[in-house]
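Novice: missing the sequence, but the structure's below:
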């Protein structure tokens with residue numbers, strides 16, 4: 001009987017432990033599917049509203065399926081396509097250069113303070129941690145970049161202020177210290193490799209997951225930045241796309257609350273019944289569109305980092 005029971009247990013598929021594991025796995029999948037839907041549904045709603053007729057949105061509210069299809073919001077944005085395209089160019093250039101330099105600088109700072117034999121590791125770790133707690137204030141910060149560094153109205157003013165992140169320095173330092181096998185570094189040193197060669201040939205390939213994470217978040221930081229364009233750029237032609245969207249939203253809000261000003265613009269040859277609600281949603285689509293392509297790009301490096309960073313036991 002015991003043999004038959006054992007055969008039935010084996011032929012029935014899995015043990016209770018495995019069934020519990022499968023149930024937990026299905027539960028996790030359900031939770032993440034629900035969370036993904038909660039992230040996707042608002043985007044679908046924004047796309048639907050941007051393609052809807054302005055009057056139907058004002059009268060009946062937002063709908064997931066446009067009650068009346070209309071491209072007036074995108075036609076309104078097309079009137080300023082030259083400035084939008086140029087601002088896209090500025091944002092893409094700043095994001096690419098800034099993210100690359102930021103990852104390099106953060107990794108170069110984090111590597112020495114992660115090495116136990118570096119005599120000043122504690123001092124420089126405390127130095128970068130101190131900047132997370134205290135700052136000189138907005139006015140001294142502005143004077144340093146404008147008067148000392150003379151970066152006003154330059155693309156460097158959109159890149160340099162965001163290059164260094166104390167938080168990511170500490171995260172990368174911890175990864176270097178805990179996840180990079182010291183035996184690998186010691187063997188490379190015994191073979192005659194210098195610190196720079198160890199860093200670029202050994203540490204960087206083993207640290208692609210954390211560097212890809214830093215790169216992704218720095219990409220989002222640079223792309224979503226509008227404050228530095230507001231502070232440092234007086235030539236409206238060289239502003240980022242996010243600040244351009246901010247200005248357009250502010251102008252739409254002003255014209256919506258001031259019919260007299262809107263009427264004057266209409267007499268001068270502009271639009272009077274401009275689609276304010278749908279344009280807001282169209283601006284979101286225009287501003288967020290390109291950054292979506294960054295996620296699959298960095299996902300590839302997540303997977304590559306996990307395989308390259310594997311250490312054989």
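Specialist: Okay, I see it. Predicted, not measured: the structure shown is a model, and the values here were computed from it.
Novice: lowest-pLDDT helix or strand in this structure?
Specialist: Sorted by mean pLDDT, DSSP states H and E, the helices and strands of the chain end with helix 2-11, the least confident at a mean of 46.
Novice: how about low-confidence regions in the chain?
Specialist: Across the chain, the ranges flagged by pLDDT under 70 are 1-20, 258-274, 298-313.
Novice: which stretch of helix or strand covers residue 37?
Specialist: helix 16-50 (DSSP states H and E).
Novice: and that helix, what other elements does it pack with?
Specialist: Helix 16-50 is packed against helix 276-288, with contacts defined by 3 or more Cβ pairs under 8 Å, 6 or more residues apart in numbering; DSSP states H and E. Every residue, glycine included, has its C-beta placed from N, CA and C.
Novice: next, count neighbours for the residue lying closest to residue 65 once chain neighbours are set aside.
Specialist: Once flanking residues are discounted, residue 65 sits nearest to residue 48: 6.4 Å by Cβ to Cβ, 6 or more residues apart in numbering. Neighbourhood size, residue 48 [other Cβ atoms under 10 Å]: 18.
Novice: need the residues that contact stretch 281-298.
Specialist: Here stretch 281-298 makes contact (Cβ atoms under 8 Å, 6 or more residues apart in numbering) with 46-47, 49-50, 73-74, 76-77, 84, 88, 92, 212-213, 215-216, 219-220, 223-224, 241-242, 245, 248-249.
Novice: one more time with 7 Å
Specialist: 46-47, 49-50, 73-74, 77, 84, 212, 215-216, 219-220, 223, 241-242, 245, 248-249 (Cβ atoms under 7 Å, 6 or more residues apart in numbering).
Novice: stretch 57-69 now?
Specialist: With Cβ under 7 Å, 6+ apart as the contact definition, stretch 57-69 has outside contacts at 44-45, 48-49, 51-53, 56, 277-278.
Novice: quick one: which of the residues you listed is nearest to residue 111?
Specialist: The shortest approach to residue 111 among those belongs to residue 44, at 43.3 Å (Cβ to Cβ).
Novice: helix/strand/coil for the nearest residue to that closest one once chain neighbours are set aside?
Specialist: In space, and not counting its chain neighbours, residue 44 is closest to residue 64: 6.4 Å by Cβ to Cβ, 6+ apart. Of the three states, residue 64 takes coil according to DSSP: H, G, I helix; E, B strand; the rest coil.
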